[in-house]
Every structure is written in structure tokens, then in C-alpha cells.
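Undergrad: Quick one, fold the following:
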Amino acid sequence: MTCLFNISETPVKECSIITDTEFGWTARTITLRLSYPRFILPQMAKHRVFAQTTRSSRYTDIGEDVYKNSNVPIELFTEQLEKTIAFTNALKEMGVAREIYNRFLEPFAYTDQILTLDWRDLDHFLMLRLANEAQWEMRELATAIMLAVSRSEPIHTNVHIPFACYYSPITLDTIKRSLAKVARISRSIDLESKTLKEDQKRFEFIMSNRHFSVLEHLRYEGENVRFLGEKQAKKKYDRENDVNDNHVFESIFEEMVKNVKVWR
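TA: The predicted model follows:
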């Protein structure tokens, strides 16, 4: 059997800054796009203060690239990978759901993620994950994040909206398209901009199905309010008591748009 996957020993396939903002020169928030071995995702998930939107094994296959630790002999790795591929293909032909057969390939796979973190939380993360006792792949990921952030220059503004262009007017559609793009990574690694209509449809799907975790990637510092977060979103949604209202958050978004400030 010929292995159709690209075997890589690079633990961090991607680590790039999407948006870097700072409010009042004290509160800095960074959104990154990451790609790293799927088997260290549970360790990343322990950092619950981070906003994390991750590629789903239920909706997507693992991709062409697989990760091999350099200490594992290539012959043994390839043999086990090919056996696992044959096994998962058999399950697939039997009609077993993707979220089941993909689990057997996850130890070989990379995952893709949108990660938003605050400066204070980053400092704690680096303290833990750069330590000598941390797993090597986690140390490599922490190092990549540290270097990317250290080379980035934040935009001084009171709103953090991933993928937004702060040199153009911030509108309601800016926020909706931002959330749609963040959510898209769970089902596709292609984050290129879709049409406005497609992004609006995705945003309405997120809100109507209460996928509020994407709201954790937003930040807003107003005179009387500090937003956002999944818990605040759920409280507001429940208070409105209308599970069919897709536009329950527009009042908050409108306030963000109305009061946005950018210090160039």
C-alpha cells in the first residue's frame, strides 16, 4: 500500500497573527491562526480563558498532511498509518459516520484553529508551556506564538474584531463577516472571504443555533460596558426569551460600531 499522505516532522505548520489590538496602551488582545498536531489539542483546551474555534473532525476529513515526531522510526510510523487508513476506509465503506472513523486518524493529524487571547493570559500560558517539563510539541507551539506576538505591532483601538480592516469604516457587516469567518474554520481550512450574502447567512445560522462561542473572539471597551463573551451572550439571549430572534445582539454590535475609536 502506498501512503497518500504528506508526512511532516514540523510540529507547528502555521502560526500567524490575524488581528492585534491594544486599548488604552494597557489591554492587548491578539487573534492568531494556528495549525499544530491534533493530539495536543486537549492540552490547549485546558486554557479555558482563551477563545478557541477549532476544525471539526465531525465535518471535515483530516487533510493530506500528517505529523510524525522525529523520535518515531519512519518505517514503523508508515506501517501503522497505512493500517489505520485501511481500517478507517473499511469503516467508511460500511457507512460508519465520519466523526467515528476520523477519531482513529486523529493521532496522526494536524488541526487548524483560530485563537484569541489577552496579554495577561498569554503570559501565564508561556510560563506553563515553555517550561522544560512541558511536552516538546507544546513548547514548540508556545515558542511560535511568543515569536509571532513579539514581532507584531498592535492597532490602538477600543474594539477587537478578528479579520477587520481598521483603516476602513467599521460597520455591522464588519462584525457579522468577522464572526462568520471565525466560525468557518470548524468546517473548512479555506477562510477566504465569501460573498456578503453567504457571510450573513452563516452569521444568522450561528445566532439562531446559539453557537455563541465565536463571540468570545470579540472585545469592546465602552464607557459603561466591557464586552463580550459566551456567558454574557447567553444571559442576554435568555433575557430576551425569544429563541427565534437572530438579531438579539445587534444592539450591542451597534454600540460597538457607534463608539469605535482607532488611534492611528
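
Undergrad: Could you tell me which ranges of the protein sit under the pLDDT cut-off?
TA: 1-4, 24-26, 189-193, 223-248, 264 (pLDDT under 70).

Undergrad: centroid residue for this structure?
TA: Centroid check for the chain by C-alpha atoms, centre = their mean gives Ile114 as the closest residue, at 1.9 Å.

Undergrad: domain ranges for the protein?
TA: As recorded under automatic domain parsing, the domains making up the chain are 6-155, 158-263.

Undergrad: Give me the distance between the top helix by length along the chain and the centre of its chain.
TA: Longest helix in the chain by number of residues, with DSSP state H as the criterion: helix 74-93. Relative to the centre of its chain, helix 74-93 is centred 28 Å away, using C-alpha atoms, centre = their mean, to the nearest Å.

Undergrad: With only the CA atoms kept, save the helix or strand just after that helix in PDB.
TA: Where DSSP states H and E defines the elements, the next helix or strand beyond helix 74-93 is helix 98-101. Provided in PDB are the C-alpha atoms of helix 98-101 (Å, rounded to 0.1, in the frame of the first residue of the first chain):
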ATOM      1  CA  ARG A  98     -17.200  10.500   9.800                       C
ATOM      2  CA  GLU A  99     -17.000  11.500  13.500                       C
ATOM      3  CA  ILE A 100     -16.300   7.900  14.400                       C
ATOM      4  CA  TYR A 101     -13.800   6.800  11.800                       C
END
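
Undergrad: which strands and helices sit next to helix 98-101?
TA: Contacts defined by 3 or more C-beta pairs under 8 Å, 6 or more residues apart in numbering; DSSP states H and E place helix 98-101 against helix 74-93. C-beta: built from backbone N, CA, C; applies to glycine.

Undergrad: Surely Tyr220 is within a strand?
TA: Yes: remark: Tyr220 belongs to a strand, assigned using DSSP: H, G, I helix; E, B strand; the rest coil.

Undergrad: What residues are bridge-paired with it?
TA: In this entry, Tyr220 is beta-bridged to Val159, Phe227, by DSSP bridges.

Undergrad: what's the neighbour count on the residue lying closest to Leu117 once chain neighbours are set aside?
TA: Nearest residue to Leu117, sequence neighbours excluded (C-beta to C-beta, 6 or more residues apart in numbering): Phe50, at 4.9 Å. Using other C-beta atoms under 10 Å, Phe50 has 19 neighbouring residues.

Undergrad: ok, back up a step: pull the longest helix of the chain out as PDB, backbone CA atoms only.
TA: Output of helix 74-93 as PDB, limited to C-alpha atoms (Å, rounded to 0.1, in the frame of the first residue of the first chain):
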ATOM      1  CA  ILE A  74       9.600   6.300   9.700                       C
ATOM      2  CA  GLU A  75       9.100   2.600   8.900                       C
ATOM      3  CA  LEU A  76       7.000   1.900  12.000                       C
ATOM      4  CA  PHE A  77       5.100   5.100  11.600                       C
ATOM      5  CA  THR A  78       4.200   4.500   7.900                       C
ATOM      6  CA  GLU A  79       3.200   0.900   8.700                       C
ATOM      7  CA  GLN A  80       0.900   2.000  11.400                       C
ATOM      8  CA  LEU A  81      -0.500   4.900   9.400                       C
ATOM      9  CA  GLU A  82      -1.300   2.600   6.500                       C
ATOM     10  CA  LYS A  83      -3.000   0.100   8.700                       C
ATOM     11  CA  THR A  84      -5.100   2.800  10.300                       C
ATOM     12  CA  ILE A  85      -6.100   4.200   6.800                       C
ATOM     13  CA  ALA A  86      -7.200   0.700   5.700                       C
ATOM     14  CA  PHE A  87      -9.200   0.300   8.900                       C
ATOM     15  CA  THR A  88     -10.900   3.700   8.600                       C
ATOM     16  CA  ASN A  89     -11.600   3.200   4.900                       C
ATOM     17  CA  ALA A  90     -13.300  -0.100   5.800                       C
ATOM     18  CA  LEU A  91     -15.500   1.700   8.400                       C
ATOM     19  CA  LYS A  92     -16.300   4.400   5.800                       C
ATOM     20  CA  GLU A  93     -17.500   1.800   3.300                       C
END
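
Undergrad: and that helix, which residues are buried?
TA: Residues Phe77, Thr78, Leu81, Thr84, Ile85, Thr88 are the ones in helix 74-93 that count as buried (16 or more other C-beta atoms under 10 Å).
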